[in-house]
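Participant: Make a model of this:
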Amino acid sequence: MKKALIAMSGGVDSSVAALLMQQKGYECVGATMKLFENEQAGVKREKTCCSLDDVEDARSVAYRLHMPYYVFNFTANFEKEVMERFVCAYEKGWTPNPCIDCNRYLKFEKLYLRMQEMQMDTIVTGHYARVVCDEASGRYLLKKGLDNSKDQSYVLYNLTQEQLAHTQFPVGELSKHEVREIAEANGFINADKPDSQDICFVPDGDYAGFIERYTGKTSRTGAFLNTAGEPIGTHRGVIHYTIGQRKGLGISAPHPLYVCGICPEQNTVTLGGSQDLFSRRLTATDVNLISCDSLEKPVRVQAKIRYRHPEQPATAWCTPDGVLHVEFDEPQRAITCGQAVVLYDGETVVGGGRISSAEKF
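Facilitator: This next block holds a predicted model:
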């Protein structure tokens, strides 16, 4: 009998994924990753996705399914690979997506290795995505979940061929409504549990406050500049801002102002009008390709520049230095360094990378 390690967050999606794998005939083992101590984030235990309640919810489902269940302590890895990267990105004036780093370095690196050490065949998560083996090319493809409103393929673009060969996303074939119905029919304690909306270690959404607590450093004020480079006010510190931000600027003007540029080296934040936020081209580094080995020649794709952003038609290619270049048919608003750009060919993920620059070209 094949064996599956189920990554259980305590939520309904991973719980139903475990049930579906059992129904496919797999011997399943449940595992929850303990990712951080609450003191690291300065938040109360009951407000985080790593709370005791979440562990108990996962344990309850595992018990109901007669599965062995473990809690693995990955706190040191999470701090190094996710929290520190998050802080460093903001200090560079970038806006990171820590869920991507968590998937890359924790679920599909540390937990994946644990799966191999336990001599199991596959790792299973509750992501809304699909893995398909393309017989013609012999490659494993990452595809969107069938429920487009819940699709999570964007945060999984770093998966390698080896990882995809040993990964399954059972709920990727279902809608969220169907998942909750299955959970309800099987008496799962978390059938109606709300989805987590926040970054787990910043549940109050105050990123700057978390960074100041984590680093022990107080933000340094600096100059707001207009697009001509002239001082027009004082900002509270670069970690308080992200490209496209309008609220919380604390500056009055005859027309709406938006954050158009962040320069930590000069400790300045540039403000402009909505028209100043649009760029036609971006570059990205730390590139991972899934559906092909290379992008030496320009190809037509649909490109997504943030998780909740609809894909847009574009042309993409990689230069010999490994940098991904994406040129959009139409200028895109608030392309943000530190976010991921993910390329699609219909429902298939071509690949992606971390945005490192945006140009108005």
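Participant: Where does the prediction get shaky in the stretch 251-361 of the chain?
Facilitator: Scanning the stretch 251-361 of the chain with the threshold set as pLDDT under 70 gives 361.
Participant: Start from the N-terminal end of it and give the helices.
Facilitator: Using DSSP state H, counting those that start in this stretch, no helices are found in the stretch 251-361 of the chain.
Participant: What is the neighbour count of residue 312?
Facilitator: 16 (other C-beta atoms under 10 Å). Every C-beta, even on glycine, is put in place using the N, C-alpha and C of the backbone.
Participant: go on, residue 213?
Facilitator: Neighbour tally, residue 213, other C-beta under 10 Å: 15.
Participant: what do you get for residue 302?
Facilitator: 16.
Participant: surely it meets residue 315?
Facilitator: No. Between residue 302 and residue 315 no contact is recorded; they are 10.9 Å apart, counting by C-beta atoms under 8 Å.
Participant: So for these two, which residues contact both of them?
Facilitator: The contact sets of residue 302 and residue 315 do not overlap (C-beta atoms under 8 Å, 6 or more residues apart in numbering).
Participant: What distance do you get for residue 295 to residue 316?
Facilitator: Distance of residue 295 to residue 316, given as C-beta to C-beta, to the nearest Å: 6 Å.
Participant: Who has more neighbours out of those two?
Facilitator: Taking other C-beta under 10 Å, residue 295 and residue 316 do not tie; residue 316 has more neighbours (24 against 19).
Participant: Centre of the chain to stretch 223-241, how far?
Facilitator: 29 Å (C-alpha atoms, centre = their mean, to the nearest Å).
Participant: Same question for stretch 260-273.
Facilitator: How far stretch 260-273 lies from its chain's middle: 25 Å, per C-alpha atoms, centre = their mean.
Participant: Can you tell me what sits against it?
Facilitator: 91-93, 220, 222-227, 229, 232, 235, 238, 241-243, 249, 251, 253, 255-259, 276-277.
Participant: Among those residues, name the buried ones.
Facilitator: Buried by 16 or more other C-beta atoms under 10 Å: 92-93, 222-226, 235, 238, 241-243, 249, 257-259, 276-277, out of the contacts of stretch 260-273.
Participant: which residues touch the spatially closest residue to residue 344 that is not a sequence neighbour?
Facilitator: Excluding the flanking residues, the one nearest residue 344 by C-beta to C-beta, 6 or more residues apart in numbering is residue 302, at 4.5 Å. By C-beta under 8 Å, 6+ apart, the residues touching residue 302 are 311, 312, 313, 314, 343, 344, 345, 346.
Participant: likewise residue 227?
Facilitator: Applying C-beta under 8 Å, 6+ apart, the residues near residue 227 are 260, 270, 271, 272, 276.
Participant: export those residues to TSV and tack on distance to residue 80?
Facilitator: What follows is the contacts of residue 227, written out as TSV (distance: C-beta to C-beta, whole Å):
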residue	distance to residue 80
260	33
270	32
271	35
272	36
276	37
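Participant: per-residue confidence at residue 52?
Facilitator: pLDDT for residue 52: 63.
Participant: for residue 195, same thing?
Facilitator: pLDDT for residue 195: 86.
Participant: Give the burial count for it, as a bare number.
Facilitator: Counted with other C-beta under 10 Å, residues neighbouring residue 195 total 9.
Participant: Ramachandran coordinates for it?
Facilitator: phi -70, psi 140 (degrees, to the nearest 10).
Participant: So that it lines up with my notes, have the first residue be 26 from now on.
Facilitator: Okay, using 26 as the starting number, the last item reads as residue 220.
Participant: Doesn't residue 249 belong to a strand?
Facilitator: Yes. Checked against DSSP: H, G, I helix; E, B strand; the rest coil, residue 249 lies within a strand.
Participant: just checking, it touches residue 258?
Facilitator: Yes. Between residue 249 and residue 258 a contact is recorded at 4.0 Å, counting by C-beta under 8 Å.
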